[in-house]
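1. Need a 3D model of the following:
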Amino acid sequence: QVQAVESGGRLVQPGGSLTLSCEYPGFTQPYYIIAWFRQVPGQEREGVAWISSSDGSTNYADFVKGRFTISRNRGRNIVYLQMIDLSPADTALYHCAIDPSDTAFDFSVGKFSIWGQGTQVTVAA
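-> So this is what the prediction gives:
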């Protein structure tokens, strides 16, 4: 069974930067969307960014545009989320997720069938 494993989360100061990684070895489907979501306890999970395997196109939530960059190492099945200018509002558990239907362009949570356990990002002085 394919698994997604996130890493890289830690405590970082406001204004700092961080890069998260998500490995998903063994996933061989050629066309899919892989995304980063985040969730704060008591709040709904929200989509942060996605990247399409078919053409490398990306999309970002408005609240991260210009600060976060999603990228993918195609040969190693790893996706990254580079984050800069972090603020306490970015504190959350960050998950990566895979949509094998390759249609979740609107971050539809129900289309993502493979989820990682998450990595905690805390932004505080």
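2. Name the helix or strand for the residue lying closest to residue 107 once chain neighbours are set aside, please.
-> Leaving aside its chain neighbours, residue 107 sits nearest to residue 47 (2.9 Å; criterion: CB to CB, 6 or more residues apart in numbering). For every residue, glycine as well, the C-beta is placed using N, CA and C. Per DSSP states H and E, residue 47 falls inside strand 46-52.
3. in the chain, which spans are strands?
-> 5-7, 11-12, 18-23, 33-39, 46-52, 58-60, 68-73, 78-83, 92-99, 114-115, 119-123 (DSSP state E).
4. Select, out of the ones you listed, the one closest to residue 107.
-> Across those, residue 107 has its closest neighbour in strand 46-52 (2.9 Å, CB to CB).
5. For the residue nearest the centre of the chain, list the residues it contacts.
-> Compute the mean C-alpha point of the chain, and by CA atoms, centre = their mean the closest residue is residue 36, 1.9 Å away. With contact taken as CB atoms under 8 Å, 6 or more residues apart in numbering, residue 36 is in contact with 20, 22, 47-50, 70, 79, 81, 94-97.
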